[in-house]
Every structure is written in structure tokens, then in C-alpha cells.
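> any chance you could fold what I've pasted below:
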Amino acid sequence: MGLGAVATVSLAKAREAAADQRLLLFRGKDPLAEARAAEARARLIAASEVTFEKAAGQYIDAHEASWGEGYVSEWRSTLKTYAFPIIGKLSVASIDTVLVLKVMEPIWQGIPVAAGRIRGRIESILDWAKARELRTGENPARWRGHLQNLLAKRPRIQKVQHFPALPYARIGDFMADLRSRNHHAVAPLELTILTATRSREALEARWSEFDLVQRAWTIPAARMKSGRQHRVPLSEQAITLLERMRKSRMAGDYVFPGDRPEKTLSRQVMGLYIKAMGHTDFVTHGFRSTFRDWAADCTSFAREVVEFALAHKVGDTTEASYFRSDLFAKRAKLMQAWADYCDQPSAAHSGNIVPIKAAL
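Numbering: from 1, shown residues only. Coordinates of the predicted model:
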């Protein structure tokens, strides 16, 4: 058993410490076990001083570099609104199932989607705290085999929200009008439409995520609603847009920076600009529905290809486990067909629908 470095522990102190350990042996105790127990007690005392709010702040700080600004802001905002008033000032080591339920039960039925995200964030923070030896035991915020038995199943209470969408027959004229304008919202909105991504994913896009040679945009899991990495095939039109943006690139990694290179554009900028263009009957997120309706009505691409393009989970857990490929090559053809369709005047879309014969 080591008693300390010779540079810091004198011979006299070492003899005194050795005598103390021999005394423990004489009393029938294991000096090493006693030392480890003392260290454990010290860690518990230190952990009792770390509140859930402080642990959450440290967890966010540790991941902030790989998250988009909007995602970080959303984490801080939701925790501040729903979790901190109840468990924020309590020791992270003391958070148990009863306390987690106090956070979840008031919001589980009223805002089920947001509640599910908050639960996941609490679980992640508590897992981080355990890894940092700030708490012990099972995670009281875990869903499978735990909270799923205590909270109502979400499909029974969650209502599907349909966002107002532009009919796909009008997309050509809308894109022509959009491209004729000069505004900082035009480029991110065009990329959002061409890639069928969510507005936040486009606004927080970083140059480091793009491979223009391989014609792919890889969105990291931390920025995806599904929590899974998503590869987006880039059409010729999307490549042209990005090449144009690269020529006027500012300092920093954001493709669409805000007033400062380290800041992104506001999350509301695209929706506000759509209204400024005179459209009040659809919203930005609705373009994903526009794409989905077009793919179903006007193409022969398999459903799985379209769902993967939208970063949706395909089938149940068993079915999804057999999908080892993200169908990137087929999705590349789909996204090019969509971009070509967006280039056509809306008059060309009227009349009979002629399916695009896609390679399946």
C-alpha cells in the first residue's frame, strides 16, 4: 500500500502513516478497503454539492461544440421551463423516479412530443452524472422497462399535427419566384426544399458536414430529431446553390451565418419570409409534406426510399433491424427527380399526372 510520494511525504510522516495502517490491521480491518471507502465517502459529499441544474449545464457545455446553436438554446430553454423549477436545485445524486415523475406527469399528456424530448434530456444528464461518479444506481428517467410502465403510452394521447403545405403542383412557380429574390432567407429556404430537410437542420448546416465531391451532406445525430445520423444526397441544383454560397463564404463554419460568423440565422427567418412573399396558407415545415405527396403521386420510388429521404423510421423495430443500408444511391435519384420537378413551371404540372419511372 503506497503512502505517498517521497517528494511530498517525509520519512517521519511515512512512519506515522504506516503505524496507523498497522493499527487498522490489528483491529481486523483492511487498510486498502478503508482507504477506498473514505474516497467513496468523499465523492458522495462532493456529489451532494452538484445540483441537477449544475450537472445539466456541465453536460451541455461538454457537447456544445458538436451541437448547433439552436439545439443548445432548445436544451437550455426546455430544461429551464420544465425541469429546473422542480429538480434544478436538488442534488443530482438524489434524483429518483418520484422526482422525475413530478416533472413528467404535468406535461406528458398536454405536450407529449416535447415531454418525450425532456425525458430523454433528463436521462442523458443523469447518465453523464453517473459516468462522472456523481450518482449511482439505475437511471430513473429511462423509458424502456421503467417509465413506460408508469406513464401512458404516447400513441394513445399524441395527436398527429399536420403542417399547412404548398400543393406540389405549385412548387415550380414558388421556386422561380424565390430564386428571383435577394434576401438572406432565400438560400437556406431553397436548400431546405431541395433536400426535404427540417428548417433547423438547414439553418445550422456547417461546411464540415458537406462533401461536394461525393455529393453528400451528413447531418450528425446530435442535430437530428431522430437522434440518428442522416446522409442527404445532393442534387445538381443543391450543389450549384452550395458552390455559390461557398464563393461568398464568410469566416466560420456555418453555411448560413447570421450577423456574426459564429451565429446562425434566426429559426423564424424562413417562415417570416414566406409570409413576406405573400403566402399565408403554408409554412416551411410543410414543404416536407409537399415532397412526400409528390413522391407518392408522381413517382414510382418505393415507400422505404421516400421515408429514408425524410429521415423517418421505417416499419417497427423488427423490420428496421433488417435495414443495414440507407438506400443512398436510390435516394440520390429521388432527390434529383424532385429538384428537376421544382425547376418546371407550375403550368407543366397541370393535367394528368405522369409517374416518373424510377429505378427501384
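> now the helix or strand hosting Leu23: buried residues?
Using DSSP states H and E, Leu23 sits in helix 11-26. Across helix 11-26, burial judged by 16 or more other CB atoms under 10 Å covers 17, 21. Glycine gets a C-beta too; all of them are placed from N, C-alpha and C.
> let me know the average pLDDT across that helix.
Here helix 11-26 scores 84 as its mean pLDDT.
> which elements pack onto it?
Contacts defined by 3 or more CB pairs under 8 Å, 6 or more residues apart in numbering; DSSP states H and E place helix 11-26 against helix 31-48.
> strands of the stretch 151-300 of the chain, residue ranges please.
With DSSP state E, counting those that start in this stretch as the criterion, the stretch 151-300 of the chain has strands at 210-211, 216-219, 230-233.
> so for Lys247, which of these sits nearest?
strand 210-211 (14.2 Å; CB to CB).
> what's the average pLDDT for the closest one?
Average pLDDT, strand 210-211: 96.
> what residues does that strand touch?
By CB atoms under 8 Å, 6 or more residues apart in numbering, the surrounding residues in contact with strand 210-211 are 216-218, 234, 242, 255.
> output these in CSV; the columns should cover neighbour count and pLDDT.
Output for the contacts of strand 210-211, formatted as CSV (neighbours: other CB atoms under 10 Å; pLDDT from 0 to 100):
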residue, neighbour count, pLDDT
Ala216, 15, 96
Trp217, 24, 96
Thr218, 13, 95
Leu234, 24, 97
Leu242, 20, 96
Val255, 25, 93
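> possible to save the residues you listed as JSON lines with distance to Leu191?
Formatted as JSON lines, the contacts of strand 210-211 follow (distance: CB to CB, whole Å):
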{"residue": "Ala216", "distance to Leu191": "14"}
{"residue": "Trp217", "distance to Leu191": "9"}
{"residue": "Thr218", "distance to Leu191": "15"}
{"residue": "Leu234", "distance to Leu191": "9"}
{"residue": "Leu242", "distance to Leu191": "8"}
{"residue": "Val255", "distance to Leu191": "8"}
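> what's the closest of those to Ser94?
Ser94 has its nearest neighbour among these in Thr218, at 39.9 Å by CB to CB.
> what's the distance between that closest one and Gly227?
Look at Thr218 and Gly227: by CB to CB, to the nearest Å, they are 15 Å apart.
> now the top helix by length along the chain: mean pLDDT?
Assignment by DSSP state H gives helix 112-131 as the longest helix of the chain. Averaged over helix 112-131, pLDDT sits at 92.
> about what we covered before: out of the strands of the stretch 151-300 of the chain, which is closest to Phe52?
When those are ranked by proximity to Phe52, the top entry is strand 216-219, at 29.7 Å, counting by CB to CB.
> which neighbours does the closest one have in its sheet, and in what orientation?
Its sheet considered, strand 216-219 pairs with strand 210-211 (antiparallel), strand 230-233 (antiparallel) by DSSP bridges.
> what about the stretch 151-300 of the chain, any weak spots by pLDDT?
Applying pLDDT under 70 to the stretch 151-300 of the chain flags residues 154-162.
> if you set the cut-off to 90 instead, what comes out?
In the predicted model, the stretch 151-300 of the chain carries pLDDT under 90 at residues 152-164, 221-228, 247-253, 257-268.
> going along the chain, name the helices of it.
154-157, 171-179, 186-195, 199-203, 236-247, 269-276, 286-298 (DSSP state H, counting those that start in this stretch).
> got the angle for the longest one vs helix 186-195?
What that stands for is helix 286-298. Helix 286-298 runs at 30 degrees relative to helix 186-195, counting by axes from the mean of the first three to the mean of the last three CA atoms, to 10 degrees.
> identify the residues contacting helix 286-298?
Residues outside helix 286-298 that contact it (CB under 8 Å, 6+ apart): 162-168, 171, 192-193, 196-198, 282, 301, 306, 309-310, 334, 338, 341, 353-356.
> buried among these? Make that a PyMOL selection.
Selection of buried members from the contacts of helix 286-298 for PyMOL, criterion 16+ other CB under 10 Å:
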select buried, resi 165+166+168+171+192+193+196+197+198+282+301+306+309+334+338+341+356
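> ok so, going back, of all the strands paired with strand 216-219, which lies closest to Pro106?
strand 230-233 (32.5 Å).
> report the distance from the closest one to the chain centre.
Centroid displacement of strand 230-233 relative to its chain, using CA atoms, centre = their mean, to the nearest Å, is 15 Å.
> what sits up against that strand?
Residues from elsewhere that reach strand 230-233 (CB under 8 Å, 6+ apart): 195, 197, 215-219, 224, 311, 326, 328, 331-332, 334-336.
> from these, which is closest to Arg36?
When those are ranked by distance to Arg36 (CB to CB), Met224 comes first, at 41.9 Å.
> for the residue nearest to the closest one when sequence neighbours are not counted, give its distance to Ala337.
Nearest-residue entry for Met224: His230, 5.4 Å, with adjacent residues in sequence omitted and distances by CB to CB, 6 or more residues apart in numbering. Distance, His230 to Ala337, using CB to CB: 19 Å.
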